[in-house]
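**Q** next come a sequence and a model predicted from it.
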Amino acid sequence: MKLKTIAERLGCRLLGDGEIEITGVAGIEHAGPTELTFLSNPKYAAKVKQTRAAAILVDGPLEGVEIACLISENPYLDFARALELFYQPPRPAPGIHPTAVISPSAQLGENASVGACCVIGDGVRIGRNAILHPHVVIYQGAEIGDDFCAHSHAVVREFSRIGNRVILQNGVVIGGDGFGFAKRKDGTHYKIVQSGIAVIEDDVEIQALSAVDRATVGETRVKRGAKLDNLVQVGHASVVGEDNIICAQVGLAGSSILEKDVLLAGQVGIAGHLTIGEGVIATAQSGVPNSVEKGKMISGYPAIESAQWRRAVAVFPRLPELLKRLRQLERRLEELENPPKEKTEADG
């Protein structure tokens, strides 16, 4: 595909030879002489001089570098769009595999693709253009919108509600039982029936081996546009807000509420019954025991404002030295406060 064609498709301004033939897209360090790359982070600008790419997506003209440029307001986004010009994931053909088991009372919209060994329970309703890869299981009474895609071994439990254009990667479980037990006098645990549901709104993607538990009563909800990475646990009756980014190995205890545009980096833990305000960012491995106000960036455990945490972490390696100096100062102070007595003739 010619570079000028790519520029037109992406709506970018072309600087350089538009007749260059582009065969693919790659990162700045790995791109070859017929590939398009991108620069979105200024700290990697020095690598532009070493790239072998034929052209680059950038947010402004480059000086001192002889490389064709596509000027973009958002190079990373347009890099993602450019990828789609060269690669589309394979889509299974419409139809139902003969080994699939589908209840007579289930309703599937037109153009559905149901793979081998899928199971669809009683009263299930699924919209148009659904793709169920092999071994997907949809329990009784689940309702799913249009353009649904579930990869192998994804499970949608009973009475869950899923919107349009939702993607479940391999091994995702929607609506599994919440972790609820009442303790008896003898110390044993009585299972609390999880009578609520799980609701996944439009344009949500949940990646491999993550779980969104159903509520004990009421609902657990993942709102529009949220993206959950691998190995994320959403506890019962929690709310994940619009356009949240929840990175790998995050855990939300029950009844956690995340407002809009929250970003939780890897291995963040949220204690239950907390509200995390709009736009909050929690850096990796933060432990959050308290609610957090809108717009804060927090780090550490117990999580505090990131700037304060960075100052504290900078001091940490010096603690042994500081403790030694403190003890020396304490001894000196004690000597000043209690000087040794001078000897007299009477003392002998």
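**A** Structure's in. What do you need?
**Q** Thr23 and Pro33: what is the separation?
**A** 10 Å (C-beta to C-beta, to the nearest Å). Every C-beta, even on glycine, is put in place using the N, C-alpha and C of the backbone.
**Q** now do Cys117
**A** 46 Å.
**Q** neighbour-wise, which of Thr23 and Pro33 wins?
**A** A direct count of neighbours by other C-beta atoms under 10 Å for Thr23 and Pro33 places Thr23 higher, at 13 against 10.
**Q** and the helices in the stretch 201-348 of the chain, which stretches?
**A** Shown for the stretch 201-348 of the chain, the helices assigned by DSSP state H, counting those that start in this stretch span residues 306-315, 319-337.
**Q** among those, which is the most enclosed?
**A** Ranked by mean neighbour count, the helices of the stretch 201-348 of the chain are led by helix 306-315 with a mean of 12 (mean count of other C-beta atoms under 10 Å).
**Q** quick one: contacts of it?
**A** Ile281, Thr283, Met297, Ile298, Ser299, Gly300, Ala303, Ile304, Leu322 (C-beta atoms under 8 Å, 6 or more residues apart in numbering).
**Q** swap in stretch 118-127?
**A** 97, 100-103, 105-109, 112, 114, 132, 134-148, 158, 164.
**Q** what are the buried residues along that stretch?
**A** Neighbour-count burial for stretch 118-127 flags Cys118, Val119, Ile120, Gly121, Gly123, Val124, Arg125, Ile126, Gly127 (criterion: 16 or more other C-beta atoms under 10 Å).
**Q** touching, Val234 and Gly241? I think so.
**A** No: taking C-beta atoms under 8 Å as the definition, Val234 is not a contact partner of Gly241, at 11.9 Å.
**Q** in helices only, show me the buried residues of stretch 118-127.
**A** Counting by DSSP state H, none of the members of the buried residues of stretch 118-127 fall within helices.
**Q** can you pick out the most distant pair from those?
**A** Val119 and Gly127 (18.5 Å; C-beta to C-beta).
**Q** turn the helices of the stretch 201-348 of the chain into CSV, including distance to Lys223 and mean pLDDT.
**A** Converted to CSV, the helices of the stretch 201-348 of the chain look like this (distance: least, C-beta to C-beta, whole Å; pLDDT from 0 to 100):
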stretch, distance to Lys223, mean pLDDT
helix 306-315, 25, 92
helix 319-337, 43, 90
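**Q** Glu66: which of these is closest?
**A** helix 306-315 (40.3 Å).
**Q** quick check: Ala82 is in a helix.
**A** Yes: secondary structure of Ala82 (DSSP: H, G, I helix; E, B strand; the rest coil): part of a helix.
**Q** dump the helices of the stretch 201-348 of the chain to CSV, plus distance to Ala45.
**A** Shown next, in CSV, are those (distance: least, C-beta to C-beta, whole Å):
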stretch, distance to Ala45
helix 306-315, 25
helix 319-337, 38
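**Q** which of these sits closest to Gly176?
**A** So among those, helix 306-315 is nearest, using C-beta to C-beta, at 33.6 Å.
**Q** how far does the closest one sit from the chain's center?
**A** Centroid separation between helix 306-315 and its chain, computed with C-alpha atoms, centre = their mean, to the nearest Å, is 25 Å.
**Q** stretch 296-306 now?
**A** Worked out by C-alpha atoms, centre = their mean, stretch 296-306 lies 18 Å from the chain centre.
**Q** show me what counts as buried in it.
**A** Of the residues in stretch 296-306, those buried (16+ other C-beta under 10 Å) are Lys296, Met297, Ile298, Ser299, Gly300, Ala303, Ser306.
**Q** next one: stretch 99-107
**A** Neighbour-count burial for stretch 99-107 [16+ other C-beta under 10 Å]: Ala100, Ile102, Ala106.
**Q** pull the residues that contact it.
**A** 96, 108, 114-126, 132, 138, 140.
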